[in-house]
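In: What shape does this take:
(one chain, ligands or ions: 1)
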Amino acid sequence: MFRPSTRQNLPSSSSNPALEVKVNKRHSGIGAGSSGPSSRYPYRLNFYERPPTLDITLEEFETFAIARLRVLSHIESLSHRSLPYPQLVSAIQSYTKQHLPLSSNTARAVNLDEERRRDEIGHWVLRLAFCRSPDLRARFIRSEVALFKNRFESDDVHERAAFLRSLEFDWQVVNESEKQTYAEQLKSCMWGQKDDAFKAESWFKVPWYTVPDLVGSRRVYVRAGMAYVPQSLQISLVLQAFSSRLEKALELTAKNLPRLDEDERLGPVIDHLASSFLSGIGATDYQPADGSGNGSAVTAEMVDDVARKHFPPCMRNLYERLKRDHHLKHFGRLQLGLFLKGIGLPLDEAIVFWRRMYGSTMSDDKFNKEYKYNIRHSYGQEGKRANYPPKSCQQILTQNQPGTQDSHGCPFRHFSPDNLITFLSNSYPQLERSSPEMKEIMDSVKSTHYHVACTRVFELTHGVKKGEGLGEGESVGHPNKWTDRSRELERDVLEKIKKKEDSDEMQVDV
Ligand code: SF4
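Out: Prediction:
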């Protein structure tokens, strides 16, 4: 890890630009209070070639990285959900607008420098976390390229042109006489477009290996080692340049990473970021329902009904096991108990619920002495009185791996394929054993995209259009979010029915 006080131990920025981030305990204030772009951030788009030399607080170091991680994870998840391209673009845009906004220079009432500073710092911190293995590097580059592409395509045309000029690419412009010499070959790459389109098109020459996607899809003419690329395919060149520069930078960072292992403050943060990405999910905030007047409170009596209709697979499994065995092991109790607290089961109702579930297998005395304390503890009423939050998918997927006798964990990750198919088809009647949908789910599981599989189960069991997820394309990242959204959808349906009944009644009265 790098530490501010030992910067003399680190290579200079010229030899190792990847490490040129300074962490201090105060805010630099750069960008604060101004609304136009500064000379440091003249454009919205960024190739991240100049490492930030700003002072940042430790808190910013982590929060900016988490914000970006959330966006990259979301992009990765969306890219595995086979969405139509326009839907993919709009899902990425609406998510980034919320979690990592980045406005054009023409935007009003926005602190552009502050937005760009967050974006830049988040990117550089994640480089530290994701340079460690070829797999992590490849996944990071793929998501970063997709994010850059989305921003590039939605950027202001003039700003984008100015940004590209600033990069000073060494693309050779094909002059008119060369264009006419190879007119036939160039036209054949334009997929039957009219002559007018060919006349209006301008062309660049670049080494063929810098645009393998265009060569592979035969959209460029290759001669003497150079690919002739039309202006309309410029984005491929830009993305290729972005990706190859990032790849080289990550390799350089990886070589120097051992030097960073000295800092005890940053190590855990970086490890956590990497493991979040590996489990396929960015950090997910969840604000538990408090059950106070928002219609979300649940009583012990209601749990069975809510479980049947609104529990995600992991909780459904735990609940069914509890009902069958009247017992759960420690981590199972913890996972289900905190989840129930999150959906709005108050402490007194939780005590009633657990007492009932244990039934006659346990004496009142034993329950009061050994179990009641733990329930109160998880509600912050005993011990150090911490109010423990419900576990996120990332925690369930990566922490406390279940043994053969355990029921906690995530079925998509911890069940064998056969058991998972049986469990899903028994628990959710909409999912038939040998249906194409089940195959699709199992394909996601096979490629270790567990949250993608879980999101597809949500869509199929709630009549939600493919790609919509929990709303606006959001993937399942927290079991409680599944349940909240499921209950919300039910409320919407009930309201619609009530409105219809009211209007029918009115018509009868008239
Ligand atoms: S992906 Fe998350 S919500 Fe879905 S089953 Fe696994 S842990 Fe539960």
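In: Spell out which parts of this structure neighbour the ligand.
Out: Counting by C-beta under 6 Å from any ligand atom, the residues of the chain close to the ligand are 312-314, 393, 396, 410-412, 450-451, 454, 476, 479, 482. Every C-beta, even on glycine, is put in place using the N, C-alpha and C of the backbone.
In: between those, which is nearest F163?
Out: Nearest to F163 among those is H451, at 33.8 Å by C-beta to C-beta.
In: Check the gap between the closest residue in space to L328 that isn't next to it in sequence and the ligand for me.
Out: Among residues not flanking L328 along the chain, L322 sits closest, at 5.1 Å (C-beta to C-beta, 6 or more residues apart in numbering). Relative to the ligand, L322 is positioned 16 Å away (C-beta to the nearest ligand atom, to the nearest Å).
In: secondary structure class for L322?
Out: helix (DSSP: H, G, I helix; E, B strand; the rest coil).
In: picking up where we left off before, just the ones of the residues of the chain next to the ligand in strands?
Out: Among those, DSSP state E puts none in strands.
In: With pLDDT added, can I get those residues in TSV?
Out: What follows is the residues of the chain next to the ligand, written out as TSV (pLDDT from 0 to 100):
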residue	pLDDT
P312	97
P313	98
C314	97
C393	91
I396	93
C410	96
P411	97
F412	96
Y450	92
H451	89
C454	95
V476	90
P479	95
W482	95
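In: pull the helix or strand with minimum mean pLDDT from this protein.
Out: strand 22-23 (a mean of 48; mean pLDDT, DSSP states H and E).
In: helices or strands next to the top helix by length along the chain in the packing?
Out: Taking DSSP state H as the criterion, the chain has its longest helix at helix 479-509. Helix 479-509 sits against helix 303-310, helix 313-325, helix 330-342, helix 450-461, with contacts defined as 3 or more C-beta pairs under 8 Å, 6 or more residues apart in numbering; DSSP states H and E.
In: Pull the residues that contact the shortest one.
Out: Helix 303-310 has contacts (C-beta atoms under 8 Å, 6 or more residues apart in numbering) with 298, 315-316, 319, 340, 343, 345, 353, 482-483, 486-487, 490.
In: ok now do L246, which residues does it touch?
Out: Taking C-beta under 8 Å, 6+ apart, one finds 48, 141, 144-145 in contact with L246.
In: between those residues, which is closest to the ligand?
Out: Among these, E144 lies closest to the ligand (C-beta to the nearest ligand atom), at 24.3 Å.
In: Surely the closest one touches R68?
Out: No - between E144 and R68 there is no contact under C-beta atoms under 8 Å: 9.2 Å.
In: what touches both of these two?
Out: In contact with both E144 and R68: H123, using C-beta under 8 Å, 6+ apart.
In: and those two? which has more neighbours close in?
Out: Neighbour count, other C-beta atoms under 10 Å: between E144 and R68, R68 has more, with 27 against 22.
In: Excluding chain neighbours, give the residue nearest to the more buried one in space.
Out: Nearest one to R68, counting by C-beta to C-beta, 6+ apart, is G122 at 3.3 Å.
In: was I right about A254 contacting R137?
Out: Yes - A254 is within contact range of R137, at 7.5 Å (criterion: C-beta under 8 Å).
In: Extract the C-alpha set from the helix or strand containing A67 and format it as PDB.
Out: Assigning secondary structure by DSSP states H and E places A67 in helix 58-79. Taking C-alpha atoms only, helix 58-79 is exported to PDB below (Å, rounded to 0.1, in the frame of the first residue of the first chain):
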ATOM      1  CA  LEU A  58      -9.300   8.600   3.400                       C
ATOM      2  CA  GLU A  59     -13.100   8.800   3.400                       C
ATOM      3  CA  GLU A  60     -13.100  10.100  -0.100                       C
ATOM      4  CA  PHE A  61     -10.600   7.500  -1.200                       C
ATOM      5  CA  GLU A  62     -13.100   4.800  -0.200                       C
ATOM      6  CA  THR A  63     -16.400   6.500  -1.100                       C
ATOM      7  CA  PHE A  64     -15.400   7.600  -4.600                       C
ATOM      8  CA  ALA A  65     -14.100   4.100  -5.300                       C
ATOM      9  CA  ILE A  66     -17.300   2.500  -4.000                       C
ATOM     10  CA  ALA A  67     -19.500   4.700  -6.100                       C
ATOM     11  CA  ARG A  68     -17.500   3.800  -9.200                       C
ATOM     12  CA  LEU A  69     -17.400   0.100  -8.300                       C
ATOM     13  CA  ARG A  70     -21.200   0.100  -8.000                       C
ATOM     14  CA  VAL A  71     -21.500   1.500 -11.500                       C
ATOM     15  CA  LEU A  72     -18.900  -0.900 -13.000                       C
ATOM     16  CA  SER A  73     -20.600  -3.900 -11.300                       C
ATOM     17  CA  HIS A  74     -23.900  -2.800 -12.600                       C
ATOM     18  CA  ILE A  75     -22.600  -2.500 -16.100                       C
ATOM     19  CA  GLU A  76     -21.000  -5.900 -15.900                       C
ATOM     20  CA  SER A  77     -24.200  -7.400 -14.600                       C
ATOM     21  CA  LEU A  78     -26.300  -5.700 -17.400                       C
ATOM     22  CA  SER A  79     -23.800  -6.900 -20.000                       C
END
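In: For that helix, the averaged confidence score.
Out: For helix 58-79, mean pLDDT is 88.
In: Tell me the residue of the stretch 51-200 of the chain that sits nearest the ligand?
Out: S77 (10.9 Å).
In: tally of neighbours for P417?
Out: 10.
In: Can you tell me how far it is from D113?
Out: In this structure, P417 and D113 are 51 Å apart, going by C-beta to C-beta, to the nearest Å.
In: domain assignment for the protein?
Out: 4-165+241-278, 168-234, 300-488 (automatic domain parsing).
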